[in-house]
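*Asks:* Got a sequence here, can you build the structure:
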Amino acid sequence: MAEHPLQTHNPMDVAIDEAGRSAQGSVQWLLETGVDDDVKPTTGNDLEFFVCGEEGFQSIASKIMAAQATVDICCWGFDPGMEIWRGATAPAGVGAPYPQMGKVDIDRAVLGSDGIPDATNSAQPGGQSDAVCTASPPPSGVWPRGVVYGALLEEITQRKVNPVTVRLMIWFDPYGSRIQNSMPGFTDVPVSWTSPVEENLQQAPPYANAMRNQYCVDWWKRNLPDGESKRSGILTKNQRLQIVLRSISSNDVKALLTTAPKEEDAPSTYTEGFKETAAGTSEKGLLEKYPTHHQKPILIDYNYDNGSKAVGYVMGLNSITDYWDRTAHEIDDPLREEWTDPNVQAELKHEQETQDPSGPLSTAVYKHTNPYQDYACLVVGKALKRLHQNFERGWKPFAPAAWQTHELPGLPSKIPSLRDDPAYRVQIVRTQPHEHEKNIKKVYLQATSFARNYIYMENQYFFYPEFARHLKQERQKFHDAWANLANKPQQDAPMLHLFVVTPHPQDPGMVPRTYDSMAELGHGDAWKNESDLSDKGKTKEKYTNDQGENTFHPESAQELQDTIGLKVSIARLRTSGMTVNQVMAYREIYIHAKLMLIDDVFVTVGSANMNQRSMSVDSEINLAATGPMWVSGLRERVFSLLSGGITSGSGDRGQVPVIFDDWEKRMHDNLIAKMKGSVMQGFILPFEDVRAKTVLHAEIDSPSSNNVSSIG
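*Replies:* Purely as a prediction, here's the structure:
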C-alpha cells in the first residue's frame, strides 16, 4: 500500500514473537497520530453489542422511551410505520399510531388470525396525536404488532410531562431515494410535479398492509407538510419533531477519492448499452454523481443533566422495517413485515440467477420479508463526544435558522465513565467527504496489518480488490520478516485464518469486482463462469499501478497457504425450513452487516461496507475498539449462531486451525444437506455464484444530485 507503514502509528519496536501473541510491545490497532484530538481513542467507555434487528431496535426503543430532553437520529432512510419493538414483549399502548385503536392482540397477530386491531379499547397512555386513520383495516395480516417508530417519536415530543426534542436527519435525493424507497409513504407516493425520470424510478409500496401504507403517507404529510422542499420541516405544527433532509456534494466526493490513502483502482468509465451510457451509470459516474449519507448513529440526552443519562448507538441497521429480524432467521417469520407478491417473485428470480439460471423457478411461497443479519452497538462514555460532533456538523448546513444549535466544545461533565483501562479503548471513525476524512479506510488497513491469528469479516459487500491486495502484501511482509528475524523455518510461521461471510451481490454490476476480490484471495472458483470470462480477457476492469504494471494476481487457496500462510474461507448464509405451501426451502439471509473481528482484540462495526463507495465516497460512521472481553464475547456468539453451535470460535492461536476446519466442515455438511433436501445446521454454506457479467456498477443504491460543498 502506498501509505504503509501508516502515518497513524506511533513509532516503536515490536519483537517478531508478537506473531504468537506474546509481543514485547503494544500493538497499535487504532489511529494514534495524524487525527484530530477528538478522534483519538478514549478509555472508560462501556459497549454492548446487539445481533440482528430485534435486539438492536428494542434497545433503541427503550432508550428513546426513557429520553428526558433530546434524541438525535441520523439515518439513510426512515420508515414511520416500522414496529421498532414488536411481539409479546412490546409495551402495550406505547407508540400506537391511532389512539382510538388501543392495543393489538399479540397472540392473534403471531398465530395468524384476521389480526384486525380491537377498536373498542380506547386507552392510550402518553401524549395525544393528530393521527387520523384514513384506511380501512386490511382483510389479512396485522399491523401494528407493537411500538410504531413514527408514533413513538410523535408521542415523546408531544407528551405533557418532559416533552423531548427529536432531530431526525435523513439522506434524501429525488432520484436515489425513490430507487431505494428509503422513506416509505414519502418516496413511493407520486407528486404532481415529479419528473419523467423520477416517475420511472419510483417504486410501488412494498408492504401488503394498506393501513400501514396509509399511515406512513399521513405521517409524512404531518411532519414534512411541504414535501421535499428545503423549508418543509419547519412548517410542521410539532416543532419538537424536527426533520431535515440532507444531500452530499459530488465535488466533495471527487476530492476525497484522491485524498490519502488514495484509491489505488480508478473507477471504470465503462457502460453497456445506450441506456447506461445516457444515464452515466458507469462506476465513475455512480460514485461521483450519486453519493449518499449512509450513516446511522443515534445520540440520546447528550447534554441533559450534563450528560448523566447520555447514550448512543453506532450500527448498520437502517430505520426501515426490512431490517428487523430475529437471530433464529426463520424461513418466513410472521413478525417480519408482510410484503407484496412482486417482491417475493424478485427474490425467487435472484435465487435462480445466482444458483441455476437454466433450472425452474422455486415454487416456495413466502409471505414476509426475507431474513436479515446485522449488528448494533450501544455506547456510553467519552466516545459520545464524537457522535455529538458528527451530528452537529451534519445538521448545520441543512437545518433552518430556527433549528440551528451549537456544537459543545467540551465533554459534558457527568458523562458516565468506567475505570480507565488501556486494554479497552474506543474510537469513532468516519468517511466524510465534506470534512475530507477517510479514517474508516485507515483503521481497516491499520488493524488488519497487525492480524496474526484470525480475521472475521461479515459484510454486505465484498468488492474491494485493493483491500484483498493489502492483506496479501501485509502477509508477505510478515513472512519476509519471519524468515529474516525469527531464525525458524518459514513453514513454521503462524497461519492467518480469514473468515469472510457475504451475500450474493444484488446488482449484476457488482459481480466483476466481487469476483476479483475473491480471486485475489484464492476463491475465484466460487465464480466459475466469471472466472472463465476473466481468463479470456473479456472483463472490462483493469488493475495497474503508477508504472502501468498489472496488479491483479488471482491465486489458488493452496498457493496462498503455502507462500504467505493465509487460509481463507468464504461463506454465504441461508436458512432452511418448510414454507406455508410445504416446500423445503433454503432462503438467503441477506447480510447487511459491517463487522470485523481480529484476534479477540479488535472490533469494528457500523455503516461502512467493504467497497470503494464506503471507503471514499459516502458519509459513513464506524466504531473501532480494542478489548478482549468485548471482542471474544461477540465472536463466541456470532460463530455459535452461524455454525449451528459446532464452534464458538477461539482467540487462542493453537485452537484457531481446528475452529477453521470445523467451520469449513459445517459449511460443506450444510451443502450436502441442501442437496439432499434436509434441514441445515446453522446457516453457513460455501459461497458460489454462477453469474458471469461484464457490466460495472459502484452499487446503485446511492444517488444524489445536490451540491453543498460551499455551505457551512
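*Asks:* Any regions of the chain where pLDDT drops low?
*Replies:* Scanning the chain with the threshold set as pLDDT under 70 gives 1-26, 99-141, 192-194, 699-712.
*Asks:* Identify the residues contacting the closest residue to Gly633 other than its chain neighbours.
*Replies:* Using C-beta to C-beta, 6 or more residues apart in numbering and skipping residues adjacent in sequence, the residue nearest Gly633 is Phe49, 7.6 Å away. C-beta coordinates here come from the backbone N, C-alpha and C atoms, glycine included. The neighbourhood of Phe49, defined by C-beta atoms under 8 Å, 6 or more residues apart in numbering, consists of 375-378, 605, 630, 633-634.
*Asks:* Gly56: which of those is nearest?
*Replies:* Ranking those by separation from Gly56, with C-beta to C-beta as the measure, puts Ala376 on top at 3.3 Å.
*Asks:* Pull the number of nearby residues for that closest one.
*Replies:* Counted with other C-beta atoms under 10 Å, residues neighbouring Ala376 total 24.
*Asks:* which other residues reach the host helix or strand of it?
*Replies:* In this structure, Ala376 is located in strand 375-380 according to DSSP states H and E. Under the criterion C-beta under 8 Å, 6+ apart, residues 45-52, 55-56, 59-60, 63, 310-317, 387, 416, 426, 593-595, 605-606, 623 lie in contact with strand 375-380.
*Asks:* Can I get the buried part of those residues as one ChimeraX selection?
*Replies:* Taking 16 or more other C-beta atoms under 10 Å as the burial criterion, the selection of buried members of the contacts of strand 375-380 in ChimeraX is written as:
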select :45,46,47,49,50,51,52,55,56,59,60,63,310,311,312,313,314,315,316,317,387,416,426,593,594,595,605,606,623
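*Asks:* Looking at the contacts of strand 375-380, which are in strands?
*Replies:* Mapping the contacts of strand 375-380 onto strands (DSSP state E) picks out 46-51, 311-315, 426, 594-595, 605-606, 623.
*Asks:* In the stretch 1-150 of the chain, mark out all the strands, start to finish.
*Replies:* Per DSSP state E, counting those that start in this stretch, the stretch 1-150 of the chain carries strands over the ranges 42-43, 46-51, 70-75, 83-86, 146-148.
*Asks:* Single out the most deeply packed of those strands.
*Replies:* Mean neighbour counts were compared across the strands of the stretch 1-150 of the chain using mean count of other C-beta atoms under 10 Å; the top stretch is strand 146-148, at a mean of 28.
*Asks:* Could you list every helix and strand that that strand packs against?
*Replies:* Counting by 3 or more C-beta pairs under 8 Å, 6 or more residues apart in numbering; DSSP states H and E, the packing neighbours recorded for strand 146-148 are strand 83-86.
*Asks:* Identify, from the contacts of Phe49, the entry nearest to Asn611.
*Replies:* When the contacts of Phe49 are ranked by distance to Asn611 (C-beta to C-beta), Val605 comes first, at 16.6 Å.
*Asks:* wait, that closest one sits on Lys594?
*Replies:* Yes: counting by C-beta atoms under 8 Å, Val605 sits close enough to Lys594 to count as a contact (6.4 Å).
*Asks:* between the two, what contacts are shared?
*Replies:* The overlap between the contact sets of Val605 and Lys594 (C-beta under 8 Å, 6+ apart) consists of 316, 375, 622.
*Asks:* In stretch 651-663, which residues are buried?
*Replies:* For stretch 651-663, the neighbour count (16+ other C-beta under 10 Å) marks 651, 653, 656-657, 659-660, 663 as buried.
*Asks:* In a markdown table, list the residues you listed along with distance to Phe552.
*Replies:* Supplementary listing: these in a markdown table, determined by distance: C-beta to C-beta, whole Å:
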| residue | distance to Phe552 |
| --- | --- |
| Gly651 | 33 |
| Arg653 | 32 |
| Val656 | 29 |
| Pro657 | 29 |
| Ile659 | 31 |
| Phe660 | 26 |
| Trp663 | 28 |
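*Asks:* from the residues you listed, which two are the most distant?
*Replies:* Between all members of the buried residues of stretch 651-663, the longest pairwise span (C-beta to C-beta) is found for Arg653 and Trp663 and amounts to 16.1 Å.
*Asks:* thinking again about what came up before, could you tell me how far the strand holding Ala376 lies from the centre of the chain?
*Replies:* A distance of 13 Å separates the C-alpha centroid of strand 375-380 from that of its chain, computed with C-alpha atoms, centre = their mean, to the nearest Å.
*Asks:* any idea how far the residue nearest the centre of the chain lies from Arg212?
*Replies:* By C-alpha atoms, centre = their mean, the chain has its centre lying nearest to Gly316, at 3.2 Å. Counting by C-beta to C-beta, to the nearest Å, the gap between Gly316 and Arg212 amounts to 24 Å.
*Asks:* Equivalent analysis for Gln655, please.
*Replies:* Computed as C-beta to C-beta, the Gln655 to Arg212 distance reads 48 Å.
*Asks:* before we move on, what about Glu407?
*Replies:* Computed as C-beta to C-beta, the Glu407 to Arg212 distance reads 38 Å.
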